[in-house]
Structure formats: structure tokens, C-alpha cells
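S.K.: Next comes the sequence, and after it the predicted model I'd like to discuss.
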Amino acid sequence: MEKTSMGMDENIEGLLCYVLGWITGIVFLVLEKENKFVRFHAMQSIATFLALTIVAVVISMMSSAFLWGFSGLWMIFSLINMLIGLLGLILWLILMFKAYQGEMYKLPIVGDFAEKQIG
């Protein structure tokens, strides 16, 4: 494994990009200026987990809006939100594992976006 400009192994930094989702993605994107492997994982973390966070917040707000009037819709939105949380957990684990293994694992759509952003 290569060392990064921050002095860590790139696979450790890649894993750390995902630890707190988009927050650590931003931190490592700002701090790591040279290593493309780390920058890719940081950008993929931001794009993946920020999008999931935004969708979960919107679904939560919709769920809350329907709580008082349409209990059937409330249950549907709550179920969707739980599925988004499960998807996030699964992606989180897979992406950390792949980064630790030194793999530049690209998610569909998001991985291509991340790769283009880091140039």
C-alpha cells in the first residue's frame, strides 16, 4: 500500500472516508490533496451518503406530514425510510471493506460521478 500525503496507508484513509459517511468524505477530500485512491473514496462517500441523507430527510418529513391524517401513507413512508436506512448500512459496510482491501470499487452512477470529479 502507498502512503498518502497525510502519512497513512491509502487503504486506511480510504476506509476512514466512509466512517461518518459524507462528513468524513468531506474531511478527507479537503485534507488529502494528492492520492487519487483516497480522493475517489472521499468523493464517492460524499455523493452516496449525502444523497441518502437528503432522501431520508425528505421521506421523514413526508412521513411526519401524513402522521395526523393518512395513517396508511405514514406507514408506507416509514417503511421506505427503514429500507433507505438498511441500504445505507449495507453500502457503508461494503464500501469500507472494499476500500480497506485496496479496491477502487465503483458504485453504479455514483462511482462514475466521483471519478470524474477528482479528475
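M.R.: Thanks, I have it.
S.K.: C-alpha only now, for contacts and for neighbours.
M.R.: Will do.
S.K.: May I have the residues that are in contact with Glu22?
M.R.: You called it Glu, but residue 22 is Trp. By CA atoms under 8 Å, 6 or more residues apart in numbering, the contact list for Trp22 reads Ala42, Ser45, Ile46, Ala47, Thr48, Phe49, Leu50.
S.K.: ugh, wrong one, I meant Val30
M.R.: Under the criterion of CA under 8 Å, 6+ apart, the contact list for Val30 is empty.
S.K.: Show me the helices in this protein, by range?
M.R.: In the chain, the helices defined using DSSP state H lie at 10-19, 22-31, 36-67, 71-100, 110-118.
S.K.: and the ones you listed, which is most packed in?
M.R.: Scoring these by mean neighbour count under mean count of other CA atoms under 10 Å gives helix 10-19 as the most buried, with a mean of 25.
S.K.: List the contacts of the closest residue in space to Met6 that isn't next to it in sequence.
M.R.: Leaving out its chain neighbours, the residue that sits closest to Met6 by CA to CA, 6 or more residues apart in numbering is Glu32, at 6.8 Å. Contacts for Glu32 were tallied using CA under 8 Å, 6+ apart; they are Thr4, Ser5, Met6, Val38, Arg39.
S.K.: Quick check: the last one touching Val27?
M.R.: Right, the one you point to is Arg39. No. Counting by CA atoms under 8 Å, Val27 is not a contact partner of Arg39; they are 10.3 Å apart.
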